[in-house]
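1. Pasting a predicted model and its sequence here:
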Amino acid sequence: MSDADFPTKVAVLGSTGSVGRQTLGVVRSLSGQFEIYALAANQNVDLLNQQIEIFKPQLVVIGKQQLKGKITKGRFKLLTGAGGLEEIAGDDKVDLVVFATTGMVALPALLAAIKAKKKIAIANKEVLVIAGGLVTKLSRENKVDLRPVDSEHCAIWQCLAGEKLNQVNKLILTASGGPFRGWDLKRIKNVTPAQALKHPTWSMGAKITIDSATLLNKGLEVIEAHWLFNQPYEKIAAIIHPQSLIHSLVEFVDGSLKAQLAAPDMRLAIQYALTYPQRQKTVFNFLDLVKSNHLDFYLPDIKKFPCLHLAVEAGKKGGTYPVVLVTADEILVEQFLKGKISFWQIPVFLEKTLAKHQSAPLSLENISAVQAWTKETLENLINRR
């Protein structure tokens, strides 16, 4: 990247969420190299207004139409909803789009960005888990690379640099194991929301923190890896690595292993995705191997954490099973955080919902119908318990 390329105009979709906020922090640390051209948020008006004041974007999107009047007045075009996301993702002046949203609302915007041949940094799990086949097919057709922002997938991406995919023997995703990795099943069944929200390594949003505690998050990452790196599920594994210093590994057919190590700081993966193919000096944390002292690895205990297995199996079945997986999990995590179901009922109800589903070929048209079916089915299951 030469000075003539600066500043790169960036659109951050999901700017008020955890990844979005950290992305803006990385941009500020790389002074002058990036310009925040567009910001998009769902409903956090106060924080969005602060971001507008600091970054002075040309385009702004607020998710809810009724919040439009609460956005600070300024010299920018104000848009709303999924249509607004799609417009900024395809805007001629935008160079790079960061997808830091959650859920499926940004899928049309992602497809628009690919068709417009934008540089894309993606942290949105749900879009890749549910529509990974559609997204990666379109990206290959348009010769657009998807730059993964998740630390695990970013690590694999870096390990695969200069390598041939047909020489990969296995992709190995690491997981911290969450706060309950040493607990027995009886204790796990009685976990409270407050306990589940205390992740031992990472600082993340509530939803992904609970998913990390159940290990469902790692199952979603296996599905993402399947699509991002075009590898069969039989060649993707997950292991527990409590220190969270090795973010993932790639095993090759000759027995060699390549691992990517770094401090457990999401901003490092975000910076790599923004500055690729160059590496820029960071102001964030460096890893001290001597102080780290040792590295541990364990196989995940599926009896204690069945969500990992349920997620991978849904991915293998394909079709609309991943839609049910993601939709049901969102509902169950919300119910758990509200104290309406127990921690252990998350995998119980998830398994029952998946068992009731009859899959269909995935299309953009049937995603909403399957989401509605999942919500109704899950509501009936919870009410009948």
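-> It's in. Residues are numbered from 1 along each chain as shown.

2. Do a quick rundown of the helices in the stretch 151-300 of the chain.
-> Along the stretch 151-300 of the chain, counting by DSSP state H, counting those that start in this stretch, helices occupy 151-159, 185-189, 193-196, 206-214, 216-228, 266-275, 289-292.

3. pLDDT averaged over the last one, what's the number?
-> When the per-residue pLDDT values of helix 289-292 are averaged, the result is 90.

4. that older thread, show me the one of the helices of the stretch 151-300 of the chain that comes nearest V60.
-> helix 266-275 (20.4 Å; C-beta to C-beta). To be clear about C-beta, it is placed using only N, CA and C from the backbone, and glycine gets the same treatment.

5. Now do that closest one: which elements does it pack against?
-> Under the contact definition 3 or more C-beta pairs under 8 Å, 6 or more residues apart in numbering; DSSP states H and E, helix 266-275 sits against helix 18-29, strand 96-99, strand 119-122, strand 146-148, helix 151-159.

6. is it possible to export these to a markdown table including distance to V61 and mean neighbour count?
-> Shown next, in a markdown table, are these (distance: least, C-beta to C-beta, whole Å; neighbours: other C-beta atoms under 10 Å):
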| stretch | distance to V61 | mean neighbour count |
| --- | --- | --- |
| helix 18-29 | 12 | 21 |
| strand 96-99 | 12 | 28 |
| strand 119-122 | 17 | 24 |
| strand 146-148 | 21 | 25 |
| helix 151-159 | 26 | 25 |
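
7. Any chance of JSON lines for these, columns mean pLDDT?
-> Shown next, in JSON lines, are the helices and strands packed on helix 266-275 (pLDDT from 0 to 100):
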{"stretch": "helix 18-29", "mean pLDDT": "96"}
{"stretch": "strand 96-99", "mean pLDDT": "98"}
{"stretch": "strand 119-122", "mean pLDDT": "98"}
{"stretch": "strand 146-148", "mean pLDDT": "98"}
{"stretch": "helix 151-159", "mean pLDDT": "98"}
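
8. Make JSON lines out of the ones you listed and add distance to G69.
-> Shown next, in JSON lines, are the helices and strands packed on helix 266-275 (distance: least, C-beta to C-beta, whole Å):
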{"stretch": "helix 18-29", "distance to G69": "23"}
{"stretch": "strand 96-99", "distance to G69": "27"}
{"stretch": "strand 119-122", "distance to G69": "31"}
{"stretch": "strand 146-148", "distance to G69": "36"}
{"stretch": "helix 151-159", "distance to G69": "38"}
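
9. which one of the helices of the stretch 151-300 of the chain lies closest to V333?
-> Proximity to V333 (C-beta to C-beta) singles out helix 206-214 among the helices of the stretch 151-300 of the chain, at 4.8 Å.

10. just checking, what packs against that closest one?
-> helix 193-196, helix 216-228, helix 321-337, helix 345-356.

11. so which of those gets nearest D296?
-> helix 216-228 (16.4 Å).

12. now the angle from the closest one to helix 321-337?
-> 160 degrees (axes from the mean of the first three to the mean of the last three C-alpha atoms, to 10 degrees).

13. Name the residues that touch helix 216-228?
-> Residues outside helix 216-228 that contact it (C-beta atoms under 8 Å, 6 or more residues apart in numbering) are 125, 128-129, 132-133, 135-136, 146, 148, 150, 152-153, 156-157, 171, 173, 175, 208, 211-212, 231-233, 236, 238, 300, 307-312, 314-315, 322, 325-326, 329, 346, 350.

14. most packed of the helices and strands packed on helix 206-214?
-> helix 216-228 (a mean of 25; mean count of other C-beta atoms under 10 Å).

15. For that helix, give the mean pLDDT please.
-> According to the model, helix 216-228 has a mean pLDDT of 97.

16. what's the closest of the helices of the stretch 151-300 of the chain to V370?
-> helix 216-228 (16.0 Å).
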